[in-house]
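# for reference, the sequence and a predicted model appear below.
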Amino acid sequence: MKKGEMYLGREIVKIETIKVEGTFESFYSAERKLKEIGYTVGSMCASDPIGFADGDEYSYIAKWHNLSRDDRNLLDGVMISDSWREGSVNIIFFTEPK
């Protein structure tokens with residue numbers, strides 16, 4: 001995936017890959033990065049994407065399977081991974097990053 005391509009029916013504005021050695025360390029690093037720049041991050045649920053949105057507007061993001069299609073379209077982006085436990089994490093922005 002790259003900038004300009006579509007993911008989940010939305011255009012990718014920016015994509016970052018985080019890879020840190022250690023169990024769940026890539027996830028923790030990606031989550032920390034998003035929170036530091038002002039996003040609220042959703043909860044992990046199996047292999048589903050994890051949504052994130054502007055922390056000034058949203059204080060809670062539900063697990064992916066609990067988000068309606070309309071709610072998913074309000075997200076600023078998602079984190080995805082082939083293996084949350086040991087793999088890299090892609091942070092996909094659908095809006096310009098904060």
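Cool, the structure landed. Note that the coordinates shown come from a computational prediction; the quantities given were computed from them, not determined experimentally. Numbering: from 1, shown residues only.

# alpha carbons of the longest helix along the chain, as CSV, please.
As assigned by DSSP state H, the longest helix anywhere in the chain is helix 25-36. Extracted C-alpha coordinates of helix 25-36, given in CSV (Å, rounded to 0.1, in the frame of the first residue of the first chain):
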residue,chain,number,x,y,z
GLU,A,25,6.4,-3.8,20.8
SER,A,26,5.5,-2.5,17.2
PHE,A,27,1.9,-2.1,18.3
TYR,A,28,2.9,-0.3,21.5
SER,A,29,5.2,2.0,19.6
ALA,A,30,2.6,2.9,17.0
GLU,A,31,-0.1,3.5,19.6
ARG,A,32,2.3,5.7,21.6
LYS,A,33,3.2,7.7,18.5
LEU,A,34,-0.4,8.3,17.7
LYS,A,35,-1.3,9.3,21.2
GLU,A,36,1.7,11.7,21.4
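
# may I see the buried residues of the helix or strand following it?
Sequence-wise, the next helix or strand downstream of helix 25-36 (DSSP states H and E) is strand 39-41. Buried residues in strand 39-41, counting neighbours by 16 or more other C-beta atoms under 10 Å, are found at 39, 40, 41. To be clear about C-beta, it is placed using only N, CA and C from the backbone, and glycine gets the same treatment.
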